[in-house]
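Colleague: Build me a model from this:
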Amino acid sequence: MCAGFVSKHIERDVFLPKQRDILLENAFKDLSADPDVLAIYLAGSLAKGNDDNYSDIDLHTIVISERQADFLKRKRNRANNWGNVTFHEDYNPSSPYVVTHYNTFVKVDSWYHAPEEIVPSIWLKEVEVIYDPFNIMSHVIKESEKLVYKPSPNEVEHWRGKVLNKYLCTQVGVETNEDHIKRIMDMAI
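Modeller: Okay, here's the model as predicted:
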């Protein structure tokens, strides 16, 4: 189950993790064989260990700085090497990532970073390094563990407004729906 979603394809979906493993293995073999790849890590639910049948692969690849532009230009072609692609989302040649959907119903979000872009961050607290022959990630992860997210007063106010707005819209929808049902019931009597 994913966010309350119950699939009508349970028999098919039970095989999604195996298909995901095959795609990840193909990506790993392809990327780790490239001399311009310095490190590879996973993020998201796979790295955190709270994945389910429907989890995607959040794959981050650190490449030699001078070759990053080439990786970005070829990112779709690269992802095509890992499995049978159904489509790529939102392809922007200069974007640092590509989202690829495969015919196995598995999605891979793949990012390409230069080493200087990998700095301590709250987003690097729960990653799984799967290839790092030059030991690029250990220091960054260690420093990331020390970081704590502290929202600014403006961020708190922004999200407070969003939550209150969502509550108000939901409440209006419920009241509107109740009024509509009452009118229908009154007309039926």
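Colleague: Return the distance of the residue nearest the centre of the chain relative to residue 42.
Modeller: Centre of the chain computed as the mean C-alpha position; nearest residue by C-alpha atoms, centre = their mean is residue 58, 4.8 Å away. For residue 58, the distance to residue 42 (C-beta to C-beta, to the nearest Å) stands at 6 Å. From N, CA and C alone the C-beta is placed, and that goes for glycine too.
Colleague: cool, and residue 75?
Modeller: Residue 75 is 17 Å from residue 42, by C-beta to C-beta.
Colleague: same check, this time on residue 63
Modeller: On the measure of C-beta to C-beta, residue 63 and residue 42 end up 16 Å apart.
Colleague: other SSEs contacting the host helix or strand of residue 24?
Modeller: Counting by DSSP states H and E, the element that carries residue 24 is helix 16-32. Applying 3 or more C-beta pairs under 8 Å, 6 or more residues apart in numbering; DSSP states H and E, we find helix 16-32 packed against strand 37-43, strand 57-63, helix 75-80, strand 107-113, strand 128-131.
Colleague: on that earlier part again, and the residue nearest to the centre of the chain, what is it in contact with?
Modeller: 42-44, 46-47, 109, 111 (C-beta atoms under 8 Å, 6 or more residues apart in numbering).
Colleague: For the nearest residue to it once chain neighbours are set aside, give me its contacts.
Modeller: Sequence neighbours aside, residue 44 is the residue nearest to residue 58 in space, at 3.6 Å (criterion: C-beta to C-beta, 6 or more residues apart in numbering). Under the criterion of C-beta under 8 Å, 6+ apart, the neighbours of residue 44 are 51, 55-58, 109.
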